[in-house]
Structure formats: structure tokens, C-alpha cells
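Novice: any chance you could fold what I've pasted below:
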Amino acid sequence: MKVVLLEKVKSVGNVGEVVNVSPGHARNFLIPNGLAVAADEGSEKSMAHHQKMLTRKIEEQKTQATEVQGKLDGVVLEFVKKVGLNGKLFGSITSTDLAAELANKGFTLERRQLTLDTPIKGIGSYNVKAHLFQGVDANFQVKVAMDPAQAEELKAKQLAAQKKAEKKKAEAKQDKSENLEKTEDSSMNDEVNKVLRS
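Specialist: Numbers count the residues shown, from 1 in each chain. Below is the predicted model:
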């Protein structure tokens, strides 16, 4: 069922938007609470009247959205996560995580308002678009870094593995030189035995 929203309704839409909702949701919640009016052909006159009434409300909310856009544009959210050896995260950073982090910084956005260019599944920088109002979008960045404790741990493991490899290499070199000495000794003994036999 199509309705025109008279107020901003979480997870449905902004003021003045014509949205499709289930008939039960419209009849039982939106219309009785004054949050929406039916957008059918029979109510064209009332829709025109509501649109005029909503114009001021829409402008106010658009102005608020523009203010938020000015503050949100260029914001950088930083996440420190544990990653695998290949640089991939264990899981991913979702729009819900981003909305929660934005809430910590004083921005109240729903996850459905956030659009990711690519899924955030590894270390790096990502661009995110926030749809604040019809025609008002903000862009911000998300940076994902490896947990410093994990980075130190990986560095220590890498150094230990490198030392172990160098030790094995040195042992192999020593074994090779010992084998070469034994071979030389046995070849000298063979030559001495040949001389003695003749």
C-alpha cells in the first residue's frame, strides 16, 4: 500500500516520501498515529493539501540534513581489528558497525542510510556514502588497521621463524662441510691404500 509520510519514520522513510508499506502496517500504525496518509487516487486532493503542509517540514529536515552533511563530509572512522596472515579480517565491518561508530561520534544515522562501495573485509581505506535526505548525501572514509598487539606478535613470530631458518641453514652448511671432509678423508685413504698395495 502506498502512503505519504508526514513524519520521518525509522526504517521506512523521510517526510514527504511516497513509500510502499504493508497494508497492516499502514492501517494499524502509520495512519492512526498521524505518521502517514494513504496515497491512493481517491485522496489526490488531500494529498495535495498534505504536500503543501509538508513543504515547510520537508525544508526544515532538508536543512538539518545539509548541516549534518557539512559535519559528516570528510570524517574518518578508524577501526583496529585482528586479521589473518593474508590481511583479511575475521568477519567484516558492516553498516551496523558503521552506524554504531557514527553514533559514538554524535551522528544519528540508520544502517540503511549507509552505502559501501565495496565490502569491508580487509586492512585499508574505504569510502562510504550516507544518504541523509532526498538529494543530500555525505561521503566519509573508513580506515581499518591491524591490532598493534597482533602486529607485534606476528613480527616476533616472523623473527623467530627467520632465526630458525638461518640456524637450519647454518647446520646444513656445517653438515655439508663435515660430509665433504669425510669424503676427502676416505678418498685420501683409498689413494694411500692403492699406493701401499702397489
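
Novice: stretch 3-10: which residues count as buried?
Specialist: Of the residues in stretch 3-10, those with enough neighbours to count as buried (16 or more other CB atoms under 10 Å) are 3-7, 9. Using the backbone N, CA and C atoms, a C-beta is placed for each residue, glycine as well.

Novice: actually stretch 21-40, not the one I wrote
Specialist: Residues of stretch 21-40 classed as buried by neighbour count (16+ other CB under 10 Å): 21, 26, 30-31, 35-39.

Novice: out of these, which sit inside strands?
Specialist: 36-38 (DSSP state E).

Novice: one step back: can you redo the buried residues of stretch 3-10 as CSV with distance to N104 and pLDDT?
Specialist: As requested, the buried residues of stretch 3-10 are exported to CSV (distance: CB to CB, whole Å; pLDDT from 0 to 100):
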residue, distance to N104, pLDDT
V3, 33, 86
V4, 34, 82
L5, 28, 83
L6, 31, 81
E7, 26, 82
V9, 24, 87
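
Novice: what about these, which are in helices?
Specialist: Within the buried residues of stretch 3-10, no residue falls in helices by DSSP state H.

Novice: so which of the residues you listed comes closest to E166?
Specialist: V9 (65.7 Å; CB to CB).
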